[in-house]
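S.K.: return a 3D structure for these sequence lines:
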Amino acid sequence: MSTILVVATLKIQDGKVDEAVAALTPVIESTHEEEGCLSYVLHQDVNDPNTLVFVERWASQDAISAHAQQPQMLKLFEIAGDVAAEPPQITFCESLEIGSSPKGSFDN
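M.R.: Residues are numbered from 1 along each chain as shown. Below you'll find the predicted structure:
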């Protein structure tokens, strides 16, 4: 089974990006310790600095389900409620593995 990629986009209120990043840092660090977390990286949109994007790789759907139950996720939702300009958009993806090189899949 392929890994699962999650992309979560957070639109942050004007002037609150630094606050959001500071508050999200311990959430990210805790998530890195979870079983099944292959990567969990926060990015900032270069064209819209108020947009933060999590790109996550998980070993399985079970790992994502366990992640959703972790205490830091309650903290993440609390943070989002304080700094987000709108509800987050979350997309769950599996690789189609097109091409023969390692660049065609995150599973290589």
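
S.K.: quick check: bridge partners of residue 42?
M.R.: residue 54 (DSSP bridges).

S.K.: count the residues that sit near it.
M.R.: 17 (other Cβ atoms under 10 Å). For every residue, glycine as well, the C-beta is placed using N, CA and C.

S.K.: distance check, it against residue 103.
M.R.: When distance is defined by Cβ to Cβ, to the nearest Å, residue 42 is 23 Å away from residue 103.

S.K.: please apply the same query to residue 63.
M.R.: 24 Å.

S.K.: can you check residue 67 too?
M.R.: With Cβ to Cβ as the criterion, residue 67 and residue 103 are 27 Å apart.

S.K.: who's more crowded, these two?
M.R.: residue 67 (19 against 9).

S.K.: quick one: secondary structure of that one?
M.R.: helix (DSSP: H, G, I helix; E, B strand; the rest coil).

S.K.: quick one: it and residue 33 touch, right?
M.R.: No. Residue 67 is beyond contact range of residue 33, at 11.0 Å (criterion: Cβ atoms under 8 Å).

S.K.: between these two, what contacts are shared?
M.R.: Counting by Cβ atoms under 8 Å, 6 or more residues apart in numbering, residue 67 and residue 33 have no shared contacts at all.

S.K.: neighbours around residue 40, how many?
M.R.: Neighbours around residue 40, by other Cβ under 10 Å: 19.

S.K.: just for the protein, where's the confidence low?
M.R.: The chain contains residues with pLDDT under 70 at 1, 101, 105-108.

S.K.: mind doing that once more with 90?
M.R.: 1-3, 71-82, 94-108 (pLDDT under 90).

S.K.: all helices for the protein, in order.
M.R.: Using DSSP state H, the helices of the chain run over 17-32, 61-68, 71-83.

S.K.: quick check: which of these is nearest to residue 94?
M.R.: Ranking the helices of the chain by proximity to residue 94 (Cβ to Cβ) places helix 61-68 first, at 9.6 Å.
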